[in-house]
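Trainee: Attaching a predicted model along with its sequence, questions to come.
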Amino acid sequence: MTDFNENIDVEKKNSGQADINSVPFTEVEQPGPASLAEQAKGFWVTFSTMFKKNQTVQYPDVKAPTQPRFHGRHQLNRHPDGLEKCIGCELCAWACPADAIFVEGGNNTPGNQMSPGERHGAVYQINYLRCIFCGLCVEACPTRALTMTNEYELADDKREKLIFEKEDLLAPLRQGMLAPPHPMYPGMTDTNYYNGDVKESHPSQAEK
Amino acid sequence: MTTTQESAVAVEMITVVIDGFEVTVPKGTLIIRAAEKLGIQIPRFCDHPLLDPVGACRQCLVDVEINGRAFPKPQASCTIPVEPNMIVKTQLTSPVADKAQKGVMELLLGNHPLDCPVCDKGGECPLQNQAMSNGRPDARLDGYKRTFEKPINISSSVLLDRERCVLCARCTRFSEQIASDPFITLNERGALQQVGIYENDPFKSYFSGNTVQICPVGALTGASYRFRARPFDLVSTPSACEHCASGCDMRTDVRRGKTLRRLAGDDPSVNEEWNCDKGRWAFKYVTAVDRLTHPLVRNSSGELVQASWPEALAAAAAGLKGKRAAVLTGGRVTTEDAYGYSKFARIALSTNDIDYRARVTSDEERDFLAAHVAGSSTTYRDIDLADHVALVAFEPEEESPIVFLRLNKNFKKRGLKVSAVATKSSIAMDKLKADFIKVAPGAEPTAVASLALTAKSIILVGERASESAGLFSAVAVLSAKTGAKIAYIPRRAGERGALEAGALGTVLPGGRPVADAAARVDIAAAWGVGSLPSTPGRTSVQIIDALASKELDAVVVGGVDAHDLPAGSKALDAMKSAFVVSLEIAPSAITALADVVLPVAAITEKSGSFLNWEGRARAFDEAVADSHNRSDVRILSMIADAMGESIMLGTVSAAAREFNQLGKWDGARVQLAPVSPVAPKSVAGNQALLTSWRRLLDMGTLQKGEDNLAGTRRQTVAVISPKRADAIGIKTGQQVRVSNAHGSITIPVLVEDIHEDAVWIPRNSFASQSLVALDAVHGDVVTVVKA
């Protein structure tokens, strides 16, 4: 950029009266039309493609499946009885190289048992404007609470909408799951939960 | 780490070789400390520089050789002092020591749960860190780890997870050696050993938070910080404690504009590495109470309405300009703010009617402060060197806990003699084995006069001395007679700073007497004004009286709780008719009747400094960076500008610079005119003389919203002597009614060692707010009957 301006009289430049014609101009050599043989070589690619299978996908009418390990939107998983796996330890936030995750821990109380054990994630936010989908958070998660789905449609028209809250990230309730808060499975400890001994919810857990 | 070796006498130095490097240290230094001097970090858990060595965790094993003869096995470097010709090989040069350390770590981890993700210590845990630096990469022990029921509340503020404990005994040693509160101990033996509390007896200590801070694992955690954050979330700012005049160095940890915890800082000359639970856990008042966010101005129909800053400042200026106005600042403002109030009163209001003492005061106290306290510097170090400490109208544990810790340290280390002139015995006096000189309320001056002190003694006199006529005079006479040093210890953090800043009717900044023309010229020149008012100012009580009798038209009030003043309701009535400008962080009784209310910054939102009781500056920076609230001094400066009487103190740093440039007064001091004592009132039958003090943890404004902390308050009781208990037929635990013409208080009774004519109740505790309910303090007659 500055190369062009070097020769301009400083005063003229400052007064805003630089003359366009005084700017030195280097002629760029233009290649002329190619020979017929060269043109045929070029158009051959176009011509041969006409007989190949069409690769275009009519997105969004047609959605091609991703690879199974594609790094898409995150999901906060649940134990089979519906309790959350997240314990609010913030290791994902710690691992995140883009500082995209914000977590605040909370105390599990008898009336508000969100996850097995003493601690749950009270606030959980992922900022998809920052997330680079590297998956280090998933590696860091000690309870396998955080995994990634294959969902890649993460565009929106407001920046705020791209900060996903806990309820946006939580996995849906499946068969046999109860929405927390509810007590832990009778007779089971948090260790049992981590070892996979809890298979479904117990009727007593539904009683408030 | 702190080196506790401090002595004026030349100490014998010893040179030892550690990992091939020579280091010369004083005799008696432990190997682990000598290695630190070389920058060699030996892993440790139980070792703490301020606690006696115990060698409990065995993590600091090193190879030691003396005079060419090696110990057969690695030794704990935290228990062995250096010797001449000693050669030490740490884990860095000795494979044997390294293997021993790794072995100890493996055994410690054998029972330690892998619950770091849910543990509050995770991220700042010495066990985590040292397991990484000095542990084996894998575990060879498998099988079940020891488990306990968890967590258990050892008090409402402290939680214990026993399975995480590595049995270093730091907490139990702290409680026993530093705080003398042996409420926790190591129970059982071998693999079942665990930290425990006595059955039905919670961990009742004013210093329990320190055990959480020194726990090298996550076994002890604070209830209010539990699961709130990780160390990497927190922005830490060095700060100073605003709760009392001890002047603790602190660290404030903030996450997203909210204070989450405060820790004791390391200042060997003041608080060492300790603080009290109030300083550590009472910080939610900044966010818990309903803060004032906008200026409020009373409109023509008498309602307080929100206003813009220019409007509010103009209203304040219009109400104060040319009026007979006074200033009440309270004892909580920083030195810079107090200096702002002091300069504002003298220049903008042309008066000396300013008093920072929002409590029971006396003229004798004011003169004592001007004569003996302003500019003086008795320090913690003087307590370390004293041969005898006399406590006068001062209960160290309740009123200045770090002073108590220092007294206790000297009592434990060298048997410091402590005498206390008081009406009631106290827990602190028992711990210090103090010589309890029992007097009736009001009879203190006579007892003080007969104290046998020397030139190396110290008299610690508290602010409650103003409640006994002649007591300050007696202290001054005793000091003059024996050469003993005087240390005046107020309760609130800002009192000493306010005194030095001249927020008192008879004192200008730097302890300059108002009555001294040279002192006035000195300050007038520094401030660039022609002259300063020469009439000595009124005290807080006189200001209230003058407002009531319409001798004053207006008052500027900063951070005063009306019920700290004697006759608080009278004070509020007096303010109703006056023009009141209130600078406050939250609505109070004064806000309700103020004409202009200006919100100011709380301590975490501003910079500034306090002077502790020693007169030592405790500066701090703002911990919450993006607050829009301003410090009092900035707002006063704006009001002064609006009045056309600039005080030129636009920032806290400008105020600090100007105040420090003024320096101390080196001219003649105020002389304390001796006040003769008044004999105690006589009592008969059910009558008793009231005595009281504020407890550390009570209904104080700055403890609002701290429910966990409130759970460790001492029980509210009325204390009477055994003879009186017999006379009215009452036993400990039964209800007693303490009453006078003003009102009554009904609380459980405790029969204890107290003067027979007296009854003691806490001054501002739950169900016992003696100033509000009885409007009585020390030496007033009340009736004590069985309820």
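Mentor: Received the coordinates, thanks. Numbering: from 1, shown residues only, chains lettered A, B, ... in the order given.
Trainee: On the pLDDT front, check A:Val10 for me.
Mentor: On pLDDT, A:Val10 comes in at 51.
Trainee: Name the surrounding residues that touch stretch B:698-712.
Mentor: B:155-157, B:202, B:204-206, B:208, B:222-224, B:242-243, B:277-278, B:281-282, B:284-285, B:287-289, B:332, B:561, B:694, B:697, B:713, B:762-766, B:769 (Cβ atoms under 8 Å, 6 or more residues apart in numbering or on different chains). For every residue, glycine as well, the C-beta is placed using N, CA and C.
Trainee: Please indicate which of those are buried?
Mentor: For the contacts of stretch B:698-712, a burial check counting by 16 or more other Cβ atoms under 10 Å in any protein chain shown picks out B:155-157, B:202, B:204-206, B:208, B:222-224, B:242-243, B:277-278, B:281-282, B:284-285, B:289, B:332, B:561, B:694, B:697, B:713, B:762-765, B:769.
Trainee: Which of those residues fall within helices?
Mentor: When those are checked against helices (DSSP state H), the matches are B:Asp277, B:Lys278, B:Trp281, B:Tyr285.
Trainee: Following the chain past the top helix by length along chain B, name the next helix or strand.
Mentor: Ranked by number of residues, the top helix in chain B under DSSP H is helix B:95-110. With elements assigned by DSSP states H and E, the helix or strand that comes after helix B:95-110 is helix B:126-134.
Trainee: What mean pLDDT does the next helix or strand after that next one get?
Mentor: Next helix or strand after helix B:126-134 toward the C-terminus (DSSP H and E): strand B:152-153. Average pLDDT, strand B:152-153: 86.
Trainee: ditto for stretch B:489-505
Mentor: Per-residue scores along stretch B:489-505 average to 95.
Trainee: now the end-to-end length of that stretch.
Mentor: 20 Å (Cα to Cα, to the nearest Å).
Trainee: go on, stretch B:509-522?
Mentor: First-to-last residue span, stretch B:509-522, Cα to Cα: 10 Å.
Trainee: from the ones in helices among the buried ones among the contacts of stretch B:698-712, which is closest to chain A?
Mentor: B:Trp281 (16.6 Å; Cβ to the nearest Cβ).
Trainee: Model confidence score at that closest one, please.
Mentor: At B:Trp281, the pLDDT recorded in the model is 95.
Trainee: again with B:Gln542
Mentor: 93.
Trainee: mind checking how far it is from A:Pro110?
Mentor: 57 Å (Cβ to Cβ, to the nearest Å).
Trainee: Of those two, which one has the most company?
Mentor: Per other Cβ atoms under 10 Å in any protein chain shown, whichever of B:Gln542 and A:Pro110 has more neighbours is B:Gln542, with 18 against 7.
Trainee: contact partners of the strand ranked longest in chain A?
Mentor: In chain A, with assignment by DSSP state E, the single longest strand is strand A:119-127. When contacts are defined by Cβ under 8 Å, 6+ apart, strand A:119-127 is touched by residues A:74, A:76, A:84, A:86-89, A:100-108, A:114-115, A:145, A:162-166, A:169, B:118, B:227.
Trainee: out of those, which are buried?
Mentor: Using 16+ other Cβ under 10 Å, the buried ones in the contacts of strand A:119-127 are A:74, A:76, A:84, A:86-89, A:100-106, A:108, A:114-115, A:145, A:162-164, A:166, A:169, B:118, B:227.
Trainee: B:Val327 and B:Arg346 touch, don't they?
Mentor: No - when contacts are counted by Cβ atoms under 8 Å, B:Val327 is not listed as touching B:Arg346 (9.7 Å).
Trainee: Looking at these two, which one has more neighbours?
Mentor: Of the pair B:Val327 and B:Arg346, B:Val327 is the one with more neighbours under other Cβ under 10 Å, namely 29 against 26.
Trainee: Check which helix or strand the more buried one maps to.
Mentor: Counting by DSSP H and E, B:Val327 is found in strand B:325-328.
Trainee: just checking, what packs against that strand?
Mentor: strand B:354-355, helix B:540-548, strand B:554-558 (3 or more Cβ pairs under 8 Å, 6 or more residues apart in numbering or on different chains; DSSP states H and E).
Trainee: other SSEs contacting the shortest one?
Mentor: Right, the one you point to is strand B:354-355. Using 3+ Cβ pairs under 8 Å, 6+ apart: strand B:354-355 touches strand B:325-328.
Trainee: just the last one next, same as before
Mentor: Using 3+ Cβ pairs under 8 Å, 6+ apart as the contact criterion, the elements in contact with strand B:554-558 are helix B:309-320, strand B:325-328, helix B:335-343, strand B:579-584.
Trainee: Could you pick out the residues of chain A near chain B for me?
Mentor: Residues of chain A lying near chain B by Cβ under 8 Å from any Cβ of the partner chain: A:87-91, A:93-94, A:104-107, A:117-119, A:142-143.
Trainee: Inside strands: which ones of those residues?
Mentor: Using DSSP E, the residues of chain A next to chain B in strands are A:Glu104, A:Gly105, A:Gly106, A:Asn107, A:Arg119.
Trainee: From those residues, pick the one nearest chain B.
Mentor: A:Gly105 (3.7 Å).
Trainee: Disregarding residues adjacent in the polypeptide, which is nearest to the closest one?
Mentor: A:Gly88 (3.3 Å; Cβ to Cβ, 6 or more residues apart in numbering or on different chains).
Trainee: How about the contacts made by that neighbour?
Mentor: A:Val103, A:Glu104, A:Gly105, A:Gly106, A:Arg119, A:His120, A:Gly121, A:Ala122, A:Tyr124, B:Phe227.
Trainee: Let me know the closest of these to B:Lys606.
Mentor: A:Glu104 (26.5 Å; Cβ to Cβ).
Trainee: who's the closest one bridged to?
Mentor: On the basis of DSSP bridges, A:Glu104 is bridged to A:Val123.
Trainee: on that earlier part again, now the angle from the longest helix of chain B to helix B:126-134?
Mentor: 140 degrees (axes from the mean of the first three to the mean of the last three Cα atoms, to 10 degrees).
Trainee: pretty sure B:Gly110 contacts B:Lys145?
Mentor: Yes - judged on Cβ under 8 Å, B:Gly110 makes contact with B:Lys145 at a distance of 7.4 Å.
Trainee: in the longest helix of chain B, what counts as buried?
Mentor: So, applying 16+ other Cβ under 10 Å, buried residues of helix B:95-110: B:Ala97, B:Asp98, B:Ala100, B:Gln101, B:Lys102, B:Val104, B:Met105, B:Glu106, B:Leu108, B:Leu109.
Trainee: dump the residue contacts of the last one.
Mentor: Yep, that's B:Leu109 we're talking about. B:Leu127, B:Ala131, B:Gly135, B:Ala139, B:Leu141.
Trainee: From B:Cys116, how far out is it?
Mentor: 11 Å.
Trainee: Next, find the distance separating the residue nearest the centre of chain B from A:Glu167.
Mentor: Central residue of chain B (Cα atoms, centre = their mean): B:Cys244, 3.4 Å from the mean position. Per Cβ to Cβ, B:Cys244 is found 45 Å from A:Glu167.
Trainee: cool, and B:Glu398?
Mentor: 49 Å.
Trainee: again, but for B:Arg406
Mentor: 53 Å.
Trainee: try B:Cys171
Mentor: Distance from B:Cys171 to A:Glu167, by Cβ to Cβ: 41 Å.
Trainee: Between those two, tell me which one has more neighbours.
Mentor: B:Cys171 (25 against 8).
Trainee: Assign a three-state SS to the closest residue to the more buried one other than its chain neighbours, would you?
Mentor: The shortest distance from B:Cys171 to any non-neighbouring residue, by Cβ to Cβ, 6+ apart, is to B:Thr211 (3.8 Å). The three-state assignment at B:Thr211 reads helix, by DSSP: H, G, I helix; E, B strand; the rest coil.
Trainee: do the same with A:Gly42
Mentor: helix.
Trainee: Near the nearest residue to B:Asn275 once chain neighbours are set aside, how many other residues are there?
Mentor: When the adjacent residues along the chain are set aside, B:Asn275 lies closest to B:Ala264, with 3.8 Å between them (Cβ to Cβ, 6+ apart). B:Ala264 has 24 neighbouring residues, counting by other Cβ under 10 Å.
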